[in-house]
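Student: Predicted structure and sequence below. I'll ask about it afterward.
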Amino acid sequence: MRNDDLVDDHTATIQASWQRCEEYGLSHQSSPHLERLPEADYRNLQWMYGDLVKTTATEVLPYYENILSNSKCMVMLADAKGQVLQSWGDSRFVTPQQKPFFREGVSWQERTNGTNAIGTVLASGQPVQVLRDEHYLKANRFMIGSAAPIYDANHDLLGVLDVSSDAYLPQAHTLGMVRLMSQSVENRLIFKKFADEHFLITFNTNIDTLDSQWSGLLVVNEDGMIISANRRAELLLSFELSMINISDVFDTRFFDMKHQPDNLPMRLRTQHGYQMQAIIRKPTQAIVDAVDFRNTPTKNTAPTHSPTVSLNRISFGDPRVDKCVQQASRLIEKDIPILIHGETGVGKEVFVKALHEHSSRHQHSLVAVNCAAIPSELVESELFGYVKGAFTGANQKGAIGLIRKAHKGTLFLDEIGEMPTKAQARLLRVLQERKVTPLGSTESFPIDIRLISATNRSLKDEVQQNNFRQDLYYRVSGLNLELPPLRERLDKRQLIQEIYKMEASPEQTHPLSEQLLHLFEQHPWPGNIRQLVSVIQIALAMADSDPINSSHLPDDFFNDLENSPLAMAQAADTVASLQHGHPAISPDSQITHSDIKTTDTLSDDIQAQTLSMFEYYEGNVSKTAKALNISRNTLYKRLKVAGIR
């Protein structure tokens with residue numbers, strides 16, 4: 001959503017609230033209703049919402065302590081009726097006469113207190129920020145409120161989280177922080193309720209954002225039924241997710257998800273064809289702490305999943321990659337920005353890290369910033385920094401900002417096409433003047449950086465669609481490089497072998513077989529090098545110390561082949577040679593396409609073998625599939641063709 005759309009939505013929200021206030025019979029001179037609940041009723045309310053209060057107070061707020069402490073702001077948690085359950089913070093910005101506004105047990109419904117952050121969130125169901133003069137009652141115009149709803153696991157409104165202050169400065173940062181906090185509360189409540197007995201699937205479009213509060217979260221039972229999900233999951237998937245099977249969402253078997261190694265990202269593809277990265281948490285697994293994006297170490301280092309690779313190990317003979325390496329290594333010492341194009345997963349971040357290590361700036365910081373991973377409201381404060389008191393909730397010491405952290409080093413702006421328009425204008429000024437002015441400050445600081453940007457979009461198209469500034473485009477695109485997708489690389493075999501060596505443990509001494517190498521070469525690799533690394537990691541984990549064969553490869557590896565007819569045809573014989581059939585089956589009768597594709601027109605020989613083995617094992621699906629060296633899913637398809645299941 002662009003900035004103009006946000007302004008229009010905000011204006012419409014405030015106007016609708018004022019209209020409701022008029023219908024309630026309120027006037028601007030009306031007095032706020034500040035009557036507190038009787039003590040017994042308030043204690044009962046505390047008991048009813050005890051889990052919500054405890055989760056917010058003890059598990060979420062500490063992660064933001066460095067932001068909220070010593071700020072002149074109040075944090076309030078209200079229930080679904082607008083009644084304040086708990087408040088924290090610093091009330092120095094209010095007069096003694098105004099302190100009753102923030103007492104526990106006071107209700108902030110629009111009907112009695114006019115337009116205000118808590119009440120308007122309850123009325124609209126959406127995050128909102130109410131500036132001083134946007135409050136309907138004049139008595140409330142001493143403060144600015146930023147609030148966001150909290151929904152429970154059933155998507156019923158549970159409460160509202162609010163930060164109020166008297167700050168005059170723009171409050172987009174505060175609203176972004178409150179949204180993060182409310183999302184953290186929702187995710188934490190889901191974890192606490194379901195983690196002991198259910199599978200939890202955390203997913204996002206980018207592996208770099210898996211740990212963020214903006215990831216989707218699915219709760220799945222042992223049978224693969226989705227019994228709960230956070231709101232972000234439905235937004236990412238465009239699905240109504242209640243009580244449907246996980247197989248209706250993703251094209252990977254739930255069996256494979258359940259057996260995914262712990263903490264190893266898994267690539268999933270939705271039934272609509274969208275690629276997702278996911279972490280599968282098994283029942284009874286300890287709940288990991290919510291991640292505070294402000295303390296994520298990858299902000300001022302290269303991405304943690306990127307291996308350290310020297311520049312001469314980026315290419316193994318591919319002419320296009322060789323050209324990228326040669327050109328970039330020459331220009332990295334010049335004051336010329338580099339813009340890297342390429343599909344997701346082609347290794348842009350690995351390339352940048354190797355380039356930085358090769359440069360004369362390698363002893364200084366490489367600051368990698370994923371522009372898509374930072375909430376739009378916080379991009380400016382994260383990039384440019386801010387001074388003490390720049391906005392409500394600002395760190396008491398201020399923040400230097402990521403651009404200044406890259407001084408004397410390299411700044412890598414990944415997914416630069418995702419940067420909000422307002423931040424683009426500020427970045428352009430920084431690049432032109434070679435100075436950074438933190439938010440809330442009049443002092444500028446000189447910077448000396450090498451700028452590298454990356455995108456998987458066509459920035460020229462984004463310029464034409466007014467999503468990316470043309471003047472900024474020419475500032476960041478001094479040298480344009482295109483890293484080819486893995487499927488087009490001529491050094492694919494050597495690259496596969498190199499990655500295998502890097503990922504294999506000392507106990508895994510078996511080299512990749514010629515047949516498996518050939519199969520990897522024929523694969524379309526829609527997820528590129530990132531997918532290749534994931535497939536090799538999974539295969540090594542499944543094989544343990546044994547040589548890898550096709551049975552160790554994940555199902556989605558073969559699904560990709562199935563969706564690529566040319567690759568499937570080329571790989572069929574390779575898969576057959578990798579299979580280890582049951583001793584009762586002669587080599588001549590081996591099934592060639594079993595791990596790639598099952599059709600409705602199976603040959604009589606294959607069908608006979610399948611039914612014979614199924615009968616031999618008395619209908620035991622697991623034993624039959626193992627004997628035929630096919631997946632259970634493939635066996636089910638064959639049995640369905642035969643009319644058995």
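Tutor: Yes, it's here.

Student: tell me the contacts of the residue lying closest to residue 41 once chain neighbours are set aside?
Tutor: With sequence-adjacent residues excluded and distances taken as C-beta to C-beta, 6 or more residues apart in numbering, residue 41 is closest to residue 105, at 7.7 Å. (C-beta placed from N, C-alpha, C; glycine too.) Residue 105 is in contact with 36-37, 41-42, 45, 83-84, counting by C-beta atoms under 8 Å, 6 or more residues apart in numbering.

Student: Over to residue 419?
Tutor: 371, 379, 413, 427, 468.

Student: hang on, the earlier thing: now do the residue nearest to residue 41 against residue 250, distance only.
Tutor: 46 Å (C-beta to C-beta, to the nearest Å).

Student: Same check on residue 485?
Tutor: Taken as C-beta to C-beta, the span from residue 485 to residue 250 is 23 Å.

Student: Look at these two and report which has more neighbours.
Tutor: More neighbours surround residue 250 than the other of residue 485 and residue 250, with 23 against 18 (other C-beta atoms under 10 Å).

Student: okay, now the closest residue in space to the more buried one that isn't next to it in sequence: neighbour count?
Tutor: Counting by C-beta to C-beta, 6+ apart, residue 250 lies nearest to residue 268, which is 4.5 Å off, once chain neighbours are set aside. Close neighbours of residue 268, defined as other C-beta under 10 Å, add up to 21.

Student: On the three-state scheme, residue 268 is what?
Tutor: Of the three states, residue 268 takes strand under DSSP: H, G, I helix; E, B strand; the rest coil.

Student: State the distance from residue 433 to residue 444.
Tutor: 7 Å.

Student: Centroid-nearest residue for the chain?
Tutor: By C-alpha atoms, centre = their mean, the mean C-alpha position of the chain lies nearest to residue 209, the distance being 3.1 Å.

Student: Quick one: residues contacting the residue nearest to that one when sequence neighbours are not counted.
Tutor: The shortest distance from residue 209 to any non-neighbouring residue, by C-beta to C-beta, 6+ apart, is to residue 373 (4.5 Å). The neighbours of residue 373, taking C-beta under 8 Å, 6+ apart as the test, are 206, 208-209, 212, 293, 415.

Student: for this protein, longest helix please?
Tutor: The helix that spans the most residues within the chain, counting by DSSP state H, is helix 172-194.

Student: now for it, which elements pack on it?
Tutor: Contacts defined by 3 or more C-beta pairs under 8 Å, 6 or more residues apart in numbering; DSSP states H and E place helix 172-194 against helix 50-54, strand 128-130, strand 144-151, strand 157-165, strand 199-204, strand 216-220, strand 226-229.

Student: wait, which of the ones you listed is closest to residue 14?
Tutor: Nearest to residue 14 among these is strand 128-130; the distance by C-beta to C-beta comes to 7.2 Å.

Student: which phi and psi does residue 223 have?
Tutor: With angles defined as degrees, to the nearest 10, residue 223 sits at phi -90, psi 0.

Student: mind listing what it touches?
Tutor: residue 245.

Student: Show the pLDDT at it.
Tutor: On the pLDDT scale, residue 223 is placed at 85.

Student: Next: residue 474.
Tutor: 94.

Student: separation between the residue nearest to residue 250 and residue 550?
Tutor: Distance from residue 268 to residue 550, by C-beta to C-beta: 20 Å.

Student: and if you look at residue 24?
Tutor: 68 Å.

Student: Who has more neighbours out of these two?
Tutor: Neighbour count, other C-beta under 10 Å: between residue 24 and residue 550, residue 550 has more, with 24 against 14.

Student: got the phi/psi numbers for the closest residue to residue 136 other than its chain neighbours?
Tutor: Once flanking residues are discounted, residue 136 sits nearest to residue 114: 3.2 Å by C-beta to C-beta, 6+ apart. Main-chain torsions, residue 114, degrees, to the nearest 10: phi 70, psi -170.

Student: follow-up on the earlier one: where's the residue nearest to the centre of the chain relative to residue 186, distance?
Tutor: Residue 209 is 17 Å from residue 186, by C-beta to C-beta.

Student: Please tabulate the helices and strands packed on helix 172-194 in TSV, including the columns mean pLDDT.
Tutor: Converted to TSV, those look like this (pLDDT from 0 to 100):
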stretch	mean pLDDT
helix 50-54	90
strand 128-130	94
strand 144-151	93
strand 157-165	91
strand 199-204	92
strand 216-220	92
strand 226-229	90
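
Student: Highest mean neighbour count out of those?
Tutor: strand 128-130 (a mean of 28; mean count of other C-beta atoms under 10 Å).

Student: Which other helices and strands does it contact?
Tutor: Applying 3+ C-beta pairs under 8 Å, 6+ apart, we find strand 128-130 packed against helix 3-23, helix 117-124, strand 144-151, helix 172-194.

Student: Of the ones you listed, give the one that comes closest to residue 264.
Tutor: helix 172-194 (19.4 Å).

Student: Leaving out the residues flanking it, which one is nearest to residue 14?
Tutor: Leaving aside its sequence neighbours, residue 14 sits nearest to residue 134 (C-beta to C-beta, 6+ apart; 5.1 Å).

Student: surely that neighbour meets residue 116?
Tutor: No: taking C-beta atoms under 8 Å as the definition, residue 134 is not a contact partner of residue 116, at 9.2 Å.

Student: The two: which has the busier surroundings?
Tutor: For residue 134 and residue 116, the more surrounded residue by other C-beta under 10 Å is residue 116, and the numbers stand at 29 against 23.

Student: can you tell me which residues contact that one?
Tutor: So residue 116 contacts 108, 110, 130, 135-136, 140, 145 (C-beta under 8 Å, 6+ apart).

Student: what's the closest of those residues to residue 72?
Tutor: residue 145 (13.9 Å).

Student: average pLDDT for the longest helix of the chain?
Tutor: Per-residue scores along helix 172-194 average to 86.

Student: Buried residues, it. List them.
Tutor: The neighbour-count check on helix 172-194 (16 or more other C-beta atoms under 10 Å) flags 172-191, 194 as buried.

Student: Tell me where the stretch 501-645 of the chain has helices.
Tutor: 514-522, 528-543, 555-562, 565-578, 604-616, 621-628, 632-641 (DSSP state H, counting those that start in this stretch).

Student: Need those in CSV (columns: mean neighbour count, distance to residue 337 and mean pLDDT).
Tutor: Converted to CSV, the helices of the stretch 501-645 of the chain look like this (neighbours: other C-beta atoms under 10 Å; distance: least, C-beta to C-beta, whole Å; pLDDT from 0 to 100):
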stretch, mean neighbour count, distance to residue 337, mean pLDDT
helix 514-522, 19, 35, 90
helix 528-543, 21, 24, 87
helix 555-562, 21, 35, 79
helix 565-578, 18, 37, 50
helix 604-616, 16, 58, 69
helix 621-628, 18, 54, 73
helix 632-641, 18, 48, 74
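
Student: So which of the ones you listed is nearest residue 95?
Tutor: Checking these against residue 95 by C-beta to C-beta gives helix 528-543 as the closest, at 56.1 Å.

Student: so that closest one versus helix 555-562, what angle?
Tutor: Put simply, helix 528-543 runs at 130 degrees to helix 555-562, going by axes from the mean of the first three to the mean of the last three C-alpha atoms, to 10 degrees.

Student: With only the CA atoms kept, save helix 528-543 in PDB.
Tutor: The C-alpha trace of helix 528-543 is given here as PDB (Å, rounded to 0.1, in the frame of the first residue of the first chain):
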ATOM      1  CA  ASN A 528      17.600 -21.600  -7.300                       C
ATOM      2  CA  ILE A 529      20.700 -22.100  -5.100                       C
ATOM      3  CA  ARG A 530      18.700 -21.600  -1.900                       C
ATOM      4  CA  GLN A 531      16.500 -24.500  -2.800                       C
ATOM      5  CA  LEU A 532      19.500 -26.600  -3.800                       C
ATOM      6  CA  VAL A 533      21.100 -26.000  -0.400                       C
ATOM      7  CA  SER A 534      17.800 -27.000   1.300                       C
ATOM      8  CA  VAL A 535      17.400 -30.200  -0.700                       C
ATOM      9  CA  ILE A 536      21.000 -31.200   0.000                       C
ATOM     10  CA  GLN A 537      20.600 -30.500   3.700                       C
ATOM     11  CA  ILE A 538      17.500 -32.600   3.900                       C
ATOM     12  CA  ALA A 539      19.000 -35.400   1.900                       C
ATOM     13  CA  LEU A 540      22.100 -35.500   4.100                       C
ATOM     14  CA  ALA A 541      19.900 -35.500   7.200                       C
ATOM     15  CA  MET A 542      17.700 -38.300   5.900                       C
ATOM     16  CA  ALA A 543      20.700 -40.400   4.700                       C
END
